[in-house]
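**Q** Structure for this input, please:
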Amino acid sequence: MAHHPHLTAGQRTALSVPPLLLRLVLAIIFIWAGYAKCFGTFPVDETNREALVAAGVLTADGAVVDPVPEVDIEELIPESEPEPEAIPEDEPEADPAPVSPVEPGGTGDDPEADPGVEDPGEVLMVAQTAPAEPAATKVRMANNVAMLLHAAAHPEPVTNDEGLTTTPMALVPDAIGSPPWAVRLAWAAAITELVAGVLLLVGLFSRLGGLAVAWVMGVAIWLTGIGPAIQSGNAFLGFLPQPDLIMTHYHDLFFQLALLVMGLAIAFSGGGMLSLDRFIFGKSVADDED
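**A** Below you'll find the model as predicted:
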């Protein structure tokens, strides 16, 4: 039988508390971010409408492909129907008024004063015409990622000081940044963040959750930091976003890098002793006694 050395209290703490803290921080951040992308919205205006259409979020006429349902609470409450008025028994019902025959081309009241509709088919055609779909006013926040992917696949031409126009390299293949994959991948990233955050919170499939958030952060670093810096040709050390050492210029990049490393730490070490993985899939070496 395999023999494992007895672990001290400090060693047990090291194997349980750090993974738990890493999981909790990652869970808070990615549950928040994933939920916001899946259920949050932002308005459609003239500044982003063209980009949303190009990414496949909106149709050519401005209608949203993934509409955000707006529920009116008053519409959900059924209106009470008025009770029919009782007819007194002592009063006989009045005979219905005679209806005059409807003459061709009129309503029957006054054929000469009401010539009617010259082309009855026109009324039928109007009745069968479906109303135009209204233009979108807001879309899900996950579509921000779709616009980012489209911009990364189709960079705008840049003109230098000498008047020479060049097109920077694309950061992702054209198929990834074009409809419908731009929207599909954007939603995949949003759902991945939300699901991975929940898994890390409870410590279930912790390695998979850590790898997922590390992958998402790696893509984010490339699309928002290192990739655009390389495109600009004016990056520090050839790949850092700002050609200087001012710390505030690197807050976003360092934040994303920290989340990536934290995710990799969970992917390599697991969820620790205080996780569902330990109770479901068996004991670790920290639980064995000599």
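
**Q** ok now stretch 194-201, how far from the chain's centre?
**A** Between the centre of stretch 194-201 and the centre of its host chain there is 16 Å, according to C-alpha atoms, centre = their mean, to the nearest Å.

**Q** Return the alpha-carbon coordinates of it using CSV.
**A** Coordinates of each C-alpha in stretch 194-201 appear next as CSV, following Å, rounded to 0.1, in the frame of the first residue of the first chain:
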residue,chain,number,x,y,z
LEU,A,194,-20.9,32.5,-16.2
VAL,A,195,-20.7,28.7,-16.0
ALA,A,196,-17.0,28.7,-15.1
GLY,A,197,-17.7,31.2,-12.3
VAL,A,198,-20.4,29.0,-10.9
LEU,A,199,-18.2,25.9,-11.1
LEU,A,200,-15.3,27.7,-9.3
LEU,A,201,-17.6,29.0,-6.6
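
**Q** So that it lines up with my notes, have the first residue be 637 from now on.
**A** In the new numbering, first residue 637, that becomes stretch 830-837.

**Q** Identify all contacting residues around stretch 880-898.
**A** Outside stretch 880-898, the residues that touch it by C-beta atoms under 8 Å, 6 or more residues apart in numbering are 658, 661-662, 665, 846, 849-850, 853-854, 856-857, 860-862, 872, 876-878. Backbone N, C-alpha and C define where each C-beta goes, glycine included.

**Q** Can you select the buried ones from those residues in PyMOL?
**A** Selecting the buried subset of those in PyMOL, with 16 or more other C-beta atoms under 10 Å as the burial test, is done by:
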select buried, resi 658+662+665+846+849+850+853+854+856+857+860+861+862+876+877+878
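
**Q** Tell me which entries of the contacts of stretch 880-898 lie within helices.
**A** 658, 661-662, 665, 846, 849-850, 853-854, 856-857 (DSSP state H).

**Q** And the strands in the chain, which stretches?
**A** 677-679, 774-776, 794-795, 801-802 (DSSP state E).

**Q** ranking the ones you listed by burial, who's on top?
**A** When those are scored by mean count of other C-beta atoms under 10 Å, the highest mean neighbour count falls to strand 774-776 (a mean of 20).

**Q** Parallel or antiparallel, list what pairs with it.
**A** Next to strand 774-776 in the sheet, as set by DSSP bridges, lie strand 677-679 (antiparallel).

**Q** Off-centre distance for stretch 679-695?
**A** Centroid separation for stretch 679-695 versus its chain: 14 Å, with C-alpha atoms, centre = their mean.

**Q** could you dump it to CSV, C-alpha only?
**A** What follows is the C-alpha trace of stretch 679-695 in CSV, where atoms were taken according to Å, rounded to 0.1, in the frame of the first residue of the first chain:
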residue,chain,number,x,y,z
PRO,A,679,-28.5,51.2,-26.3
VAL,A,680,-28.2,51.1,-30.1
ASP,A,681,-27.3,54.6,-31.4
GLU,A,682,-25.7,56.1,-34.4
THR,A,683,-22.2,55.5,-33.1
ASN,A,684,-22.5,51.7,-32.9
ARG,A,685,-25.4,50.8,-35.3
GLU,A,686,-23.1,50.3,-38.3
ALA,A,687,-20.7,48.1,-36.3
LEU,A,688,-23.6,46.0,-35.0
VAL,A,689,-24.9,45.5,-38.5
ALA,A,690,-21.4,44.5,-39.8
ALA,A,691,-21.0,42.0,-36.9
GLY,A,692,-24.4,40.4,-37.6
VAL,A,693,-26.1,41.6,-34.5
LEU,A,694,-28.6,43.7,-36.4
THR,A,695,-30.2,43.1,-39.8
